[in-house]
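build me a model from this:
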Amino acid sequence: MAQTDRHQHVNGIPEHKVADAGGAAACCCSRRMALITRFCISTLLLVVVLTVALVLTLGGPCKALECSDHGFLHKDGAPRITNGVQSTHKWPWQASLQVNNNHICGAVVIGNRWLLTARHCINVRWMQKLSVLLDTLNLDNQDAWRVGVSKVIQHPGENENNDLALLELQDPLDITSCSSRNVRPIALPLQWQRWNYSRCYITGWGSLHFLGPSQKSLNEGMVNIVKASECEMLGNDENELGKLCAGKPSEGVDSCQGDSGGPLVCEEREDHWVLIGLTSYGRGCGGSSHAVYTRVTSYIEWIRVQVQEDDFCDKGHSSQ
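Now for the predicted structure:
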């Protein structure tokens, strides 16, 4: 009897050969998967190493920045706001208070949700239209940071006697070391602190002359703080504890319309700035008189009560 092939044929190929081919393919796939796995693990380890190195280089994870530790000063800058100079470095606490995206006053960042401005800048009818513009030298900058205002707390006193208000933002500001924005809070002075500063500046987008238009570029001017007895606008009035005078009349350096609510800051120590005043009012612009500013030290407790939490910059701040 003729012998028959006991192996089945698959499409004309003996079954054992098909099985042998399948085994070879499975072995090949296994080796390929092992290579891919080793490559993925190596890549993951490389990413981890690079991430750790980057974190160490940057000084660790995101952290809150010290108050006013990113202020800039023109070491050789000439004076100007009215008769000042255009700012070429950002004052990171400077903000523009706007109605319908139009500048009306200055404002100052004091925490991640709070700004200060002048009370006379606020009209309750504007509440739904208020915003602040941050991180810019020029008001036409399309990359500037605009944040809406959710609440305004005005000081209950008369405008000229208690000329300040708090602005609460709709969204908190990222003021950590990881932020790409150049926005930092200014330190508040200690209550009833006395000072003897040699460098004090005013900044704003206000007019360069009386009744002139607001400016698109931020201006700055170096000023002197004077005693009430030396200030034509106040005189030796013991009731003017909430005010102070500053300017440089001999050079015409002065604040003007549109600068109201903006900061008067002094350098407490190198590159560490303190908010001394808020621009309030004056007689003309750039004349022979000093301008009047709201004295921030007189209102530290009021600010603290309104904010009701330790959410503004008065920590780590030493008296000179």
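
hey, let's count contacts and neighbours off CA atoms from now on
OK.

for the host helix or strand of residue 223, buried residues please.
Element membership of residue 223, judged by DSSP states H and E, is strand 219-226. Neighbour-count burial for strand 219-226, counted by 16 or more other CA atoms under 10 Å, picks out 219-225.

so what secondary structure elements neighbour that strand?
strand 85-86, strand 200-204, strand 243-247 (3 or more CA pairs under 8 Å, 6 or more residues apart in numbering; DSSP states H and E).

same thing but at 10 Å, please
In terms of contact count using 3 or more CA pairs under 10 Å, 6 or more residues apart in numbering; DSSP states H and E, strand 219-226 is assigned the packing partners strand 85-86, strand 200-204, strand 243-247, strand 263-269.

by how many degrees do the third one and strand 219-226 diverge?
Angle between the axes of strand 243-247 and strand 219-226 is 120 degrees (criterion: axes from the mean of the first three to the mean of the last three CA atoms, to 10 degrees).

show me the helices in the protein, by range?
Using DSSP state H, the helices assigned to the chain run over residues 15-57, 300-307.

which of these has the lowest mean pLDDT?
Within the helices of the chain, confidence is poorest for helix 15-57, with a mean of 60 (mean pLDDT).

report pLDDT for residue 146.
Per-residue confidence (pLDDT) for residue 146: 97.

give me the neighbour count for residue 216.
Residues lying near residue 216 (other CA atoms under 10 Å) number 16.

who's in contact with it?
Going by CA atoms under 10 Å, 6 or more residues apart in numbering, residue 216 touches 103, 137-141, 204-207.

let's see that with 8 Å instead.
With contact taken as CA atoms under 8 Å, 6 or more residues apart in numbering, residue 216 is in contact with 138-140, 205.

re the thing from before, just put the helices and strands packed on strand 219-226 in CSV and tack on distance to residue 212 and mean neighbour count.
Supplementary listing: the helices and strands packed on strand 219-226 in CSV, determined by distance: least, CA to CA, whole Å; neighbours: other CA atoms under 10 Å:
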stretch, distance to residue 212, mean neighbour count
strand 85-86, 16, 20
strand 200-204, 14, 27
strand 243-247, 19, 26
strand 263-269, 20, 23
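
so which of the ones you listed comes closest to residue 290?
Nearest to residue 290, of all these, is strand 243-247, at 5.0 Å by CA to CA.

so that closest one versus strand 200-204, what angle?
Computed by the same axes, to 10 degrees, the angle between strand 243-247 and strand 200-204 is 90 degrees.

what's next to strand 243-247, contact-wise?
Contacts made with strand 243-247 from outside it, assessed by CA under 8 Å, 6+ apart, are listed as 161, 222-228, 231, 233-234, 253-255, 277, 289-295.

among those, which lie within strands?
Per DSSP state E, strands hold the following members of those: 222-226, 277, 291-295.

mind picking out the helix or strand in the protein with the poorest mean pLDDT?
strand 9-10 (a mean of 46; mean pLDDT, DSSP states H and E).

residue 128: how many residues sit nearby?
Under the neighbour criterion other CA under 10 Å, residue 128 is assigned a count of 13.

low-confidence stretches in the stretch 151-300 of the chain?
For the stretch 151-300 of the chain, the stretches with pLDDT under 70 are 158-160, 177, 192-195, 235-240.

buried subset of the contacts of strand 243-247, written for PyMOL?
The command below creates a PyMOL selection of those among the contacts of strand 243-247 that count as buried (16+ other CA under 10 Å):
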select buried, resi 161+222+223+224+225+228+231+233+234+253+254+255+277+289+290+291+292+293+294+295
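
returning to that earlier point: export the helices and strands packed on strand 219-226 to CSV and tack on distance to residue 147?
Output for the helices and strands packed on strand 219-226, formatted as CSV (distance: least, CA to CA, whole Å):
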stretch, distance to residue 147
strand 85-86, 24
strand 200-204, 18
strand 243-247, 29
strand 263-269, 19
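
residue 111: which of the ones you listed is closest?
Proximity to residue 111, assessed across the helices and strands packed on strand 219-226 by CA to CA, is greatest for strand 263-269 (14.5 Å).

what's that closest one packed up against?
strand 102-109, strand 200-204, strand 272-281.

so which of the ones you listed gets nearest residue 248?
Nearest to residue 248, of all the helices and strands packed on strand 263-269, is strand 200-204, at 10.7 Å by CA to CA.

neighbouring strands of that closest one in the sheet, and parallel or not?
Strands flanking strand 200-204 in the sheet, each with its direction: strand 219-226 (antiparallel), strand 263-269 (antiparallel) (DSSP bridges).

tell me the buried residues in stretch 187-202?
Applying a neighbour-count criterion of 16+ other CA under 10 Å, the buried positions in stretch 187-202 are 187-190, 199-202.
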